[in-house]
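Trainee: Build me a model from this:
(4 chains)
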Protein chains: 2
Amino acid sequence: MASLYDVAKLAGVSISTVSRVIHNTVPVDKGTRRRVEDAIKKTNYRPNLLAQGLRGKSRNFIGLVVPEISHNTFARFIDFVEQATRETGFELLLRNTNENPELEEQFIDKLIRLHVSGVIFVRVSDQSRIFRMLNETDIPFVVIDRALKKEDIPTIVLDNYAAGRIAAEHLHSLGHTEVGCITGSYDIFLSRERLRGFTDYFLEQNIVISHSNIFEGDFKFASGNQAARYFLSRQHMPTAIWSQNDLMAIGAIKEFTNAGLSIPKDLSIIGMDDLEVCNMITPSLTSISQPFEEMARKSVEAIINAIDNPKTTQQQSSSLHSKLIIRDSTASPYNKEG
Amino acid sequence: MASLYDVAKLAGVSISTVSRVIHNTVPVDKGTRRRVEDAIKKTNYRPNLLAQGLRGKSRNFIGLVVPEISHNTFARFIDFVEQATRETGFELLLRNTNENPELEEQFIDKLIRLHVSGVIFVRVSDQSRIFRMLNETDIPFVVIDRALKKEDIPTIVLDNYAAGRIAAEHLHSLGHTEVGCITGSYDIFLSRERLRGFTDYFLEQNIVISHSNIFEGDFKFASGNQAARYFLSRQHMPTAIWSQNDLMAIGAIKEFTNAGLSIPKDLSIIGMDDLEVCNMITPSLTSISQPFEEMARKSVEAIINAIDNPKTTQQQSSSLHSKLIIRDSTASPYNKEG
DNA sequence: TTGTAAGCGTTATCAT
DNA sequence: ATGATAACGCTTACAA
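Mentor: Numbering: from 1, shown residues only, chains lettered A, B, ... in the order given. Sure thing, here's the model as predicted:
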C-alpha cells in the first residue's frame, strides 16, 4: 500500500503538498498539482483511514447493537440504518448481543477503542452497564424501541399507546364491541403500553374489555397458537382480536382456521408490524406498520447532531407514529350471518 | 481517553513498561506491575485500536457485502457471519450494495483503507471490478452463493445441482411422475443448475419433464402467483411442483388454494430455503434447507486461513449440501381419491 | 506556494 | 528489568 511518502517521492514534492492536493485546502501550483495527481494515480494511493482516525477527529464508524439480526423487524431496521450510514459517510459496525450483558460490554469496549462516532442500540435493558461505559466517553448514543426509566438517555421509540388506540379504533369503527387482545410479555413496557392504549380507547366508548379476553403471549408464533386455543376453550368468544404482533396473529389464525373458524367472517384479526407475510397468507392480515425508516434516520441524525454540538445535553427523545394497513382479516361483525 | 502516556506518568514508569505489563511479553518487576495495573484501573485506560492497527498488523475487521439485508435468507446468513466473527475476535463491517457496482467499489475502497482482514461477498457478479481492486492488495476475500467463471476466485456455494436432485427424488419417491418446476430467472446460474439436477434425476427414471411444465419465475412471491395461474390455465396439470424457493411456492399455494385446489391432496408442492413461514402456513410447506451456518463459518475460516498462510494460493472453493425438510404440502398422488 | 516538523497512540528495537 | 526512541501514515501549525 502506497503512502503519502511514496506519492511525494514520485512527484518530487513534500508529503504536505500531497496532502494539500488531496484535501484542496490551500492553493497549490497547477504544475505541481498535476504531478501529484499523476503520482497518486501511478501509485494507486489511498489515504489510510486508520492513520487519519488516529491523527484527527474523523468520522468513521457508527456501531449498531441488536438483540437479533435475522428477525423480521430488526432486519428491516438494520437495512434502513445501513442506508442512513451509507448516505452520511459512515461505516456500519454490527453486533448481535442476544441481550447478553457480557457481549454488550465487550462490543462497547471495542467501539470505544475504535473511537466510533456513535452507537445505536436496539432494545437494551436499562440495567445494562453500557450506559455507564459510554458516559465516561464523549461518544453519543441513542436507544431505539425501548423506553427507559433513566431520563438522561436519549431514546427513539414508537408511540405504543397510540398504536393500541389505532387498533382499537379500527375494530370499533367496524362495529366490534366484544374484543380480545393477545399481548407480548407484560415484563416488556411496550406490551403494557399497547394494551393500555387499546383498552383506553374502548373505555372511552364505554366498552370494558374483560380480563378473560386478554391473553399474555411472548411475541412468538407458538404463543399465537396457544392464545387461539385459549379463546376457543372459552364459552364466549370475542368477535375481533388484536394481536400485538403479526407472528402471534398468524399463529392464532392457523389455529382458529384448523378449528373450523372462517376469518374474517367468524372472527376479525388484526396484527402489528406489517411483515411481508401479511400479504402471503389467506386471508391477508390487517396490520399496523412501524416507521422503521424514520427511526433509522432519526437515530443517525441524532448522532450527527450530537457530534456537531458536543456541548448541548442532546437528550431530545422522540416518539413516532404507526399506521394502519387494512387488509382482508378484519370485517364488520354484522356481516356474520350474511 | 487515557493513553499509554497517561498511565506511565501516573505509575511513574515509561510507556514501554506499561505496554509490557499489558502484553505480558517480558518479565516485569512485581512491584512495578502492580503500580502499572493500578494506574490502568485509575485512568480507565483502553488500548486504542486505531493506533494498534496503524502500528502493527492487527486483526480488526471483516467486511461483509450483501445485495440486501432485510431478506429472509441473507439475514440468516448475516446472523451466522456475525456469530463467526464474534467468536474469532473480528468486528463486522456490513454494507448493502443492491448489487450496484458503484456502491460496491466505494465500500471496497473504504475497506482497503481500513486495512480489513478480509471481505465476504454474497452474490457479486463476476463482472464486478472489486476483484481487480482487491487483487491489487493482499486482502483475502471469498464469494458466497454464486459460482463464478473466473477460477482464481474462491467461492463457497451450495451444490444447487444436488438440491434439484433432492427435490426430484422426494417427489419421485412419493410416486409422482408428472411434475412441474417454478424456477428462478434463467439468467442466474443457480436457477439453471437446480433445474438441471431436477430434470436429470427424473430422466434417470425415464421420465421426461415437458417444457410446458416449467415456469420461469424471479424468486419473488408474485411470480409464484403467476406460475400458479399459468399451470391452472393448462389442460393437463402436473401432480407435483417444485418451486425453487419458498416465496414463490407460497405465492403459488395462495393462488392454487383460491382456485379451489386442496394441497397436498390435489397437488403436492415443495419449496426451497426452509424459511420460518414454512411452519406458519396451512398446509406447512415441505422445503429444502440450506446450510447457512456452515457457509458462514467456512467463509470466516477461509479468511483466517488466508491470513495465516499468505503465500499459498488459497483458492480452495467448496460446495455444500442441502437437506430435505418434509412437512405437509407433499403427499402421494395415489391418495388423491382417498 | 511549498517544506519542515510535531504529534496522534502504539509496538519493537536497542541500549542501559 | 526498564527507558529512550524510531516508525506506522497522516494533518497541521509554523517557517521559509
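Trainee: Check the gap between A:K30 and DNA strand D for me.
Mentor: Applying Cβ to the nearest atom of the strand, to the nearest Å, one obtains 17 Å for the distance of A:K30 from DNA strand D. Yep, even glycine has a C-beta here, placed from its N, CA and C like the rest.
Trainee: so who does that residue touch?
Mentor: By Cβ atoms under 8 Å, 6 or more residues apart in numbering or on different chains, the contact set of A:K30 is empty.
Trainee: Would you mind giving the domain segments of chain A?
Mentor: A:4-45, A:53-158+A:292-320, A:160-290+A:324-336 (automatic domain parsing).
Trainee: near DNA strand D at all, stretch A:80-94?
Mentor: No. Judged by Cβ under 7 Å from any atom of the strand, stretch A:80-94 and DNA strand D are separated, with a smallest distance of 14.2 Å.
Trainee: Can I get that stretch as CSV, trimmed to CA atoms?
Mentor: The C-alpha trace of stretch A:80-94 is given here as CSV (Å, rounded to 0.1, in the frame of the first residue of the first chain):
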residue,chain,number,x,y,z
PHE,A,80,-32.5,1.3,7.0
VAL,A,81,-29.7,2.2,9.4
GLU,A,82,-27.3,0.8,6.9
GLN,A,83,-28.8,3.1,4.2
ALA,A,84,-28.6,6.1,6.5
THR,A,85,-25.0,5.5,7.4
ARG,A,86,-24.1,5.0,3.8
GLU,A,87,-25.7,8.2,2.8
THR,A,88,-23.9,10.1,5.6
GLY,A,89,-20.5,8.5,5.0
PHE,A,90,-20.2,6.3,8.0
GLU,A,91,-19.2,2.6,8.1
LEU,A,92,-21.5,0.4,10.0
LEU,A,93,-20.3,-2.0,12.7
LEU,A,94,-22.9,-4.5,13.5
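Trainee: how about the strands in the stretch 201-338 of chain A?
Mentor: Counting by DSSP state E, counting those that start in this stretch, the stretch 201-338 of chain A has strands at residues A:214-216, A:240-243, A:268-270, A:287-289, A:318-320, A:323-325.
Trainee: So for chain A, which residue is the most central one in space?
Mentor: Nearest residue to the geometric centre of chain A (Cα atoms, centre = their mean): A:F77, 4.3 Å.
Trainee: What helix or strand is it located in?
Mentor: If you go by DSSP states H and E, A:F77 is part of helix A:72-88.
Trainee: Check which helices and strands that helix sits against.
Mentor: strand A:61-66, strand A:91-96, strand A:118-122, helix A:292-308, strand B:91-96 (3 or more Cβ pairs under 8 Å, 6 or more residues apart in numbering or on different chains; DSSP states H and E).
Trainee: So which of the ones you listed is nearest A:N72?
Mentor: A:N72 lies closest, by Cβ to Cβ, to one member of the helices and strands packed on helix A:72-88: helix A:292-308, at 10.6 Å.
Trainee: between the closest one and strand A:91-96, how big is the angle?
Mentor: Inter-element angle recorded for helix A:292-308 and strand A:91-96: 120 degrees (by axes from the mean of the first three to the mean of the last three Cα atoms, to 10 degrees).
Trainee: mind listing what's buried in helix A:292-308?
Mentor: A:292, A:295-300, A:302-307 (16 or more other Cβ atoms under 10 Å in any protein chain shown).
Trainee: measure the residue nearest to the centre of chain A to A:F141 for me?
Mentor: 16 Å (Cβ to Cβ, to the nearest Å).
Trainee: re the thing from before, identify, out of the strands of the stretch 201-338 of chain A, the most deeply packed stretch.
Mentor: strand A:240-243 (a mean of 30; mean count of other Cβ atoms under 10 Å in any protein chain shown).
Trainee: now the helices for the stretch 201-338 of chain A?
Mentor: In the stretch 201-338 of chain A, the helices defined using DSSP state H, counting those that start in this stretch lie at A:221-233, A:246-258, A:292-308.
Trainee: Residues of the stretch 51-200 of chain A that sit close to DNA strand D?
Mentor: Residues of the stretch 51-200 of chain A lying near DNA strand D by Cβ under 7 Å from any atom of the strand: A:A51, A:Q52, A:L54, A:R55, A:G56.
Trainee: Thought A:L114 was touching A:F61, still the case?
Mentor: Yes. A:F61 is within contact range of A:L114, at 6.1 Å (criterion: Cβ atoms under 8 Å).
Trainee: same question for the helix or strand containing A:R20, mean pLDDT?
Mentor: Under the criterion of DSSP H and E, A:R20 resides in helix A:15-23. Averaging pLDDT along helix A:15-23 gives 95.
Trainee: can you check stretch A:257-272 too?
Mentor: Averaging pLDDT residue by residue across stretch A:257-272 gives 96.
Trainee: A:R34 and A:L4: what is the separation?
Mentor: For A:R34, the distance to A:L4 equals 18 Å [Cβ to Cβ].
Trainee: With neighbour numbers in mind, choose between the two.
Mentor: Each of A:R34 and A:L4 has its neighbours counted (other Cβ atoms under 10 Å in any protein chain shown); A:L4 has more, 20 against 13.
Trainee: Three-state assignment for the residue in the stretch 101-250 of chain A that DNA strand D sits nearest to, please.
Mentor: Among the residues of the stretch 101-250 of chain A, A:H115 lies nearest to DNA strand D; the distance is 12.8 Å by Cβ to the nearest atom of the strand. For A:H115, the assignment made with DSSP: H, G, I helix; E, B strand; the rest coil gives coil.
Trainee: how many neighbours does it have?
Mentor: Applying other Cβ under 10 Å, we find 19 residues neighbouring A:H115.
Trainee: likewise A:S16?
Mentor: 11.
Trainee: from the buried residues of helix A:292-308, which are also near DNA strand D?
Mentor: Of these, not one also sits near DNA strand D (Cβ under 7 Å from any atom of the strand).
Trainee: In contact with whatever residue of the stretch 201-338 of chain A ends up closest to DNA strand D, which residues?
Mentor: Of all residues in the stretch 201-338 of chain A, A:I307 sits closest to DNA strand D, at 15.2 Å by Cβ to the nearest atom of the strand. Contact partners of A:I307, counting by Cβ under 8 Å, 6+ apart, are A:R59, A:S117, A:G118, A:P140.
Trainee: For it, give its distance to A:F121.
Mentor: Where A:F121 is concerned, A:I307 sits at a distance of 17 Å (Cβ to Cβ).
Trainee: about what we covered before: contacts for the helix holding A:F77, please.
Mentor: Residues outside helix A:72-88 that contact it (Cβ under 8 Å, 6+ apart): A:62, A:64, A:66-69, A:91-92, A:94, A:120, A:122, A:144-145, A:246-247, A:273, A:275-276, A:290, A:292-293, A:295-297, A:299-300, A:304, B:68-71, B:75, B:94-96, B:103.
Trainee: quick one: average pLDDT of it?
Mentor: Here helix A:72-88 scores 96 as its mean pLDDT.
Trainee: now stretch A:179-193
Mentor: Averaging pLDDT along stretch A:179-193 gives 95.
Trainee: Count the residues that sit near A:R55.
Mentor: Using other Cβ under 10 Å, A:R55 has 11 other residues around it.
Trainee: do the same with A:D266
Mentor: 14.
Trainee: cool, A:Y161 as well?
Mentor: The tally of other residues near A:Y161 (other Cβ under 10 Å) stands at 19.
Trainee: export the helix or strand hosting it as CSV, just CAs?
Mentor: Taking DSSP H and E as the definition, A:Y161 sits inside helix A:160-174. This file holds the C-alpha atoms of helix A:160-174, laid out as CSV (Å, rounded to 0.1, in the frame of the first residue of the first chain):
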residue,chain,number,x,y,z
ASN,A,160,-47.1,2.3,21.5
TYR,A,161,-50.0,3.7,23.4
ALA,A,162,-51.1,5.4,20.2
ALA,A,163,-50.7,2.1,18.3
GLY,A,164,-53.0,0.4,20.7
ARG,A,165,-55.6,3.1,20.1
ILE,A,166,-55.2,2.7,16.3
ALA,A,167,-56.0,-1.0,16.6
ALA,A,168,-58.9,-0.3,18.9
GLU,A,169,-60.3,2.4,16.7
HIS,A,170,-60.3,0.2,13.6
LEU,A,171,-62.1,-2.6,15.3
HIS,A,172,-64.6,-0.3,16.9
SER,A,173,-65.3,1.5,13.7
LEU,A,174,-66.2,-1.8,12.1
